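[1] heads up, no residue letters with this:
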């Protein structure tokens, strides 16, 4: 920072009982240290130094970082001012401390006092204690009060301190009584990228996700999912509001700086509802030790909140792999592209490439193999890769991941997905999901996958119980989509309508949710609404499933001629283009009431072990007219679904 705003002073007081200790470089409130990071505290002092004057962003940037540094100063200053306001509990709409002058800068507007003596210092002045120097108030032209009046003020001040001390002690006792239980839930807000390079956002986002994954291993601690907390990236909401929305006791926030092959993470744990500092620490490691860094942070938090460590963290022999920095960098890029578009062909291809590069650079990095396997599977679902090739490749990648480290929860969850979608081995799938959850109790993806399997197996109560767990972990798209999938499989159409609407609030362009909403409306007898939703799904997707759904809704609404025309047109189109998936073709012939052809294609889908067949046999209304046929019952038996 530039020159100190107080020269040789020891402290500056401002506002209501706030003080900056310049020797310790700490912000305090009624004597209690408040955790404020270095840059926000520097900016606060710059504003105090020029009280009641406009301080431009350029001035702040020049004093903090210099004039020629390459840095996204706007985002850094915005974040720092937000943290200042949070800790001062200052409303930007009705500020008491920091006023924003739009397009110009900031102004500090609270009263400021330099070197004002405490009451015990005032009373001890005859013992040779120093008298206060000229205050900022004096320099601003305000006369000091006569000695007699000052003495009266001191007496009132001593009385006020006594009253306030009693209040503070009472508040501390109240907090102690209400905080004598372990913290049960936590949200990790997106770590702020302080590298100065916007292209490094993937790194701070990836570090956030990896830290959440590590914390999810802690038993008895509920950790909010990555997809939910990313909604708060760059938010201006105050901490208690965020804690209330996420339903958590504590919030972890911080920043990450990557410089060459080193990474520094600064984190602080805060009591969410009270916006009270609980713990903070700064960690610095070589990039190749970043996985152990994440484990160190998780252990420190577990100790702070007195939560029981998960089995994988208790084991003294489980030390994270010392990963090659370039491999870790590619891994985070792979996670970024997978998480930001796991149904988009371009994103999946990029994710696959980065995971493959990561493995080439560091063949002993288990997480990279797990990420690659996951990408192969979803690429097959999206039609980007051929199913058989993707299955074999994913199986090989998972085997390698397990060989290197069989305690990676993501790998077990992915293996469960393979056992369910490709092998139709329900028992093995459930074992893998259970193993993933045992390794990481707050891993929401494993809970979502397990809920879908339980619904498929007809275990309704268990599936709904799993949904209740998901609702405590994930407030985003993943949770809503999982809920819709479960209600679809259970043929619970009123709840399917509600769940699909929730997904569409988060992702209005999700064609699959328009299709699900159409199924829900059709199941509740709202055929015109169903037709409208199927048409929206058709407009958003090239998939033929919504077209079959539209025909089914027309038929249910009594418009059989229109339904037949849609299906005949689709049949001719598929014949001219060498067809679609066997299952989709089967639904066309089911709609045309050509049962023999429908079962021919259902059997082809069985022979190809189509991943969509089991769920469709369980719940797809497009083949309801086949369910009483003995051939249908035999097919369900061969698939292994409970009758």
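    Cool, got the structure. Since the model is a prediction, treat every value here as computed from it, not as a measurement.

[2] okay, CA-based contacts and neighbour counts for the rest of this
    Noted.

[3] shouldn't residue 274 be in contact with residue 242?
    No. In this structure, residue 274 is not within contact of residue 242 by Cα atoms under 8 Å, at 11.5 Å.

[4] the two: who's more crowded?
    For residue 274 versus residue 242, neighbours defined as other Cα atoms under 10 Å are more numerous around residue 242 (20 against 13).

[5] what about the more buried one, distance to residue 20?
    Using Cα to Cα, to the nearest Å, residue 242 is found at 27 Å from residue 20.

[6] equivalent analysis for residue 200, please.
    If you measure residue 200 against residue 20 using Cα to Cα, the figure is 33 Å.

[7] cool, residue 544 as well?
    In this view, residue 544 and residue 20 are 66 Å apart by Cα to Cα.

[8] between these two, which has more neighbouring residues?
    residue 20 (22 against 17).

[9] kindly state the beta-bridge partners for the more buried one.
    Counting by DSSP bridges, residue 20 forms beta bridges with residue 12, residue 27.

[10] pretty sure it sits against residue 12.
    Yes. Look at residue 20 against residue 12 with Cα under 8 Å: they come within range, at 5.2 Å.

[11] measure how buried residue 102 is and give me the count.
    By other Cα under 10 Å, 7 other residues sit near residue 102.

[12] so who does it touch?
    With contact taken as Cα atoms under 8 Å, 6 or more residues apart in numbering, residue 102 is in contact with no other residue.

[13] measure it to residue 64 for me?
    Residue 102 sits 21 Å away from residue 64 when distances are taken as Cα to Cα.

[14] tell me the SS of residue 186?
    Judged by DSSP: H, G, I helix; E, B strand; the rest coil, the three-state class of residue 186 is strand.

[15] who does it form a beta bridge with?
    Going by DSSP bridges, residue 186 is paired in beta bridges with residue 223, residue 250.

[16] per-residue pLDDT, it?
    According to the predicted model, the pLDDT of residue 186 comes to 90.

[17] are there helices or strands packed against the one helix or strand residue 337 maps to, and which ones?
    Remark: residue 337 resides in helix 325-339, with elements defined by DSSP states H and E. Helices and strands touching helix 325-339, as assessed by 3 or more Cα pairs under 8 Å, 6 or more residues apart in numbering; DSSP states H and E, comprise helix 201-215, helix 345-361, helix 366-381.

[18] now do 10 Å
    The elements that helix 325-339 packs onto, with contact taken as 3 or more Cα pairs under 10 Å, 6 or more residues apart in numbering; DSSP states H and E, are helix 201-215, helix 290-305, helix 345-361, helix 366-381.

[19] so for the shortest one, mean pLDDT?
    So the one you mean is helix 201-215. When pLDDT is averaged along helix 201-215, the result is 82.

[20] equivalent analysis for stretch 44-58, please.
    Predicted confidence along stretch 44-58 averages 89 (mean pLDDT).

[21] distance between that stretch and the chain's centre?
    The chain centroid and the centroid of stretch 44-58 are separated by 35 Å under Cα atoms, centre = their mean, to the nearest Å.

[22] try stretch 531-539
    On Cα atoms, centre = their mean, the centre of stretch 531-539 falls 31 Å from that of its chain.

[23] what pLDDT does residue 325 get?
    Among the per-residue scores, residue 325 shows a pLDDT of 79.

[24] for it, list the residues it contacts.
    Taking Cα atoms under 10 Å, 6 or more residues apart in numbering as the criterion, residue 325 is in contact with 260-262, 286-290, 331, 358, 361-362.

[25] generate TSV for those, with neighbour count as supplementary columns.
    What follows is the contacts of residue 325, written out as TSV (neighbours: other Cα atoms under 10 Å):
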residue	neighbour count
260	9
261	12
262	15
286	16
287	22
288	20
289	18
290	26
331	28
358	29
361	17
362	18
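
[26] any chance of the residues you listed in JSON lines, plus pLDDT and distance to residue 396?
    Shown next, in JSON lines, are the contacts of residue 325 (pLDDT from 0 to 100; distance: Cα to Cα, whole Å):
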{"residue": "260", "pLDDT": "73", "distance to residue 396": "34"}
{"residue": "261", "pLDDT": "76", "distance to residue 396": "31"}
{"residue": "262", "pLDDT": "80", "distance to residue 396": "33"}
{"residue": "286", "pLDDT": "81", "distance to residue 396": "31"}
{"residue": "287", "pLDDT": "74", "distance to residue 396": "28"}
{"residue": "288", "pLDDT": "76", "distance to residue 396": "25"}
{"residue": "289", "pLDDT": "74", "distance to residue 396": "27"}
{"residue": "290", "pLDDT": "71", "distance to residue 396": "26"}
{"residue": "331", "pLDDT": "90", "distance to residue 396": "18"}
{"residue": "358", "pLDDT": "94", "distance to residue 396": "16"}
{"residue": "361", "pLDDT": "94", "distance to residue 396": "18"}
{"residue": "362", "pLDDT": "92", "distance to residue 396": "17"}
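
[27] just these now: which is nearest residue 548?
    Relative to residue 548, the closest of these is residue 331; by Cα to Cα it sits at 40.0 Å.

[28] against residue 411, how distant is the closest one?
    15 Å.

[29] if we go by neighbour counts, what in the helix or strand where residue 106 lies is buried?
    Residue 106 is located in strand 105-108, with elements delineated by DSSP H and E. Under the neighbour-count criterion of 16 or more other Cα atoms under 10 Å, strand 105-108 has 105-108 buried.

[30] now the residues you listed as a markdown table including pLDDT?
    As requested, the buried residues of strand 105-108 are arranged in a markdown table below (pLDDT from 0 to 100):
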| residue | pLDDT |
| --- | --- |
| 105 | 86 |
| 106 | 91 |
| 107 | 91 |
| 108 | 92 |
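
[31] could you check the pLDDT of the residue lying closest to residue 627 once chain neighbours are set aside?
    Once its chain neighbours are removed from consideration, residue 627 has its nearest residue in residue 633; the separation is 7.2 Å (Cα to Cα, 6 or more residues apart in numbering). Note for residue 633: predicted pLDDT of 92.

[32] now do the SS call for residue 633.
    Residue 633 falls in the helix class when you classify it by three-state DSSP.

[33] contact partners for it?
    The contact partners of residue 633, by Cα under 10 Å, 6+ apart, come to 617, 626-627, 639, 641, 643.

[34] so which of these belong to strands?
    Secondary structure defined by DSSP state E assigns none of those to strands.

[35] buried among those residues? Make that a ChimeraX selection.
    The command below creates a ChimeraX selection of those among these that count as buried (16+ other Cα under 10 Å):
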select :617,626,639,641
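
[36] from the contacts of residue 633, which shows the smallest pLDDT?
    By pLDDT, residue 643 ranks lowest within the contacts of residue 633, coming in at 69.

[37] and the protein, what are its domains?
    Domain segmentation of the chain under automatic domain parsing yields 11-119, 185-320.

[38] before we move on, back to that, out of the helices and strands packed on helix 325-339, which comes closest to residue 336?
    When the helices and strands packed on helix 325-339 are compared (using Cα to Cα), the closest one is helix 201-215, at 6.1 Å.

[39] and the contacts of residue 325 as CSV, adding distance to residue 54?
    What follows is the contacts of residue 325, written out as CSV (distance: Cα to Cα, whole Å):
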residue, distance to residue 54
260, 37
261, 39
262, 37
286, 41
287, 41
288, 45
289, 44
290, 42
331, 45
358, 49
361, 52
362, 52
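
[40] for the residues you listed, which one is nearest residue 590?
    Taking Cα to Cα as the measure, residue 590 sits nearest to residue 331 out of the contacts of residue 325, at 45.4 Å.

[41] find the nearest non-adjacent residue to the residue sitting nearest the centre point of the chain, please.
    Here the mean C-alpha position of the chain is nearest to the C-alpha of residue 226 (Cα atoms, centre = their mean), at a distance of 2.3 Å. The shortest distance from residue 226 to any residue other than its chain neighbours is 5.7 Å, reached at residue 209 (Cα to Cα, 6+ apart).

[42] that's all I had, so thanks and see you.
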